[in-house]
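A.B. asks: coordinates only, no sequence provided:
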């Protein structure tokens, strides 16, 4: 997946806003809550995930998925855009969005 395809996927989600974030990354938010960060020069994305999902994905494919940090019930997952399956990344981005969006808004996504 390339950066343009990733941007198309993330910006298609309801009420997503884009802004500059830490470390020169581009942050994506839903109703003010961050769920995804793009590091375009490195070709990676940081996604919000559950701790269980982070552990499973890293164990399954450590070349594509790297653990970032975890706090409370959430963890962040670094994803290599060059090696990730596009359909899997679409699912992960949508799930990260769901973890941050209000419940009422998540119901609008089919």
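C.D. replies: Great, that's in hand. Since the structure is predicted, the reported quantities are computational estimates derived from the model, not experimental observations.
A.B. asks: residue 84 against residue 64, yeah?
C.D. replies: Yes. Contact criterion CB atoms under 8 Å: residue 84 and residue 64 qualify, at 5.1 Å. In short, each C-beta sits where N, CA and C put it, glycine included.
A.B. asks: shouldn't residue 62 be within a strand?
C.D. replies: No. Residue 62: not assigned to a strand; according to DSSP: H, G, I helix; E, B strand; the rest coil it is coil.
A.B. asks: next, count neighbours for it.
C.D. replies: 10 (other CB atoms under 10 Å).
A.B. asks: again, but for residue 56
C.D. replies: Residues lying near residue 56 (other CB under 10 Å) number 13.
A.B. asks: what strand or helix carries it?
C.D. replies: Residue 56 is part of helix 51-60, with elements assigned from DSSP states H and E.
A.B. asks: in that helix, what counts as buried?
C.D. replies: Neighbour-count burial for helix 51-60, with 16 or more other CB atoms under 10 Å as criterion, is recorded at 53-55, 57-58.
A.B. asks: show me the shaky parts of the chain.
C.D. replies: Applying pLDDT under 70 to the chain flags residues 110.
A.B. asks: in it, which spans are helices?
C.D. replies: 3-11, 51-60, 86-100, 103-106 (DSSP state H).
A.B. asks: could those go into CSV alongside distance to residue 31?
C.D. replies: Output for the helices of the chain, formatted as CSV (distance: least, CB to CB, whole Å):
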stretch, distance to residue 31
helix 3-11, 15
helix 51-60, 22
helix 86-100, 8
helix 103-106, 7
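A.B. asks: most tightly surrounded among these?
C.D. replies: The highest average neighbour count among the helices of the chain, using mean count of other CB atoms under 10 Å, belongs to helix 86-100 at a mean of 18.
A.B. asks: show me the beta-bridge partners of residue 19.
C.D. replies: Beta-bridge pairing of residue 19 under DSSP bridges involves residue 27.
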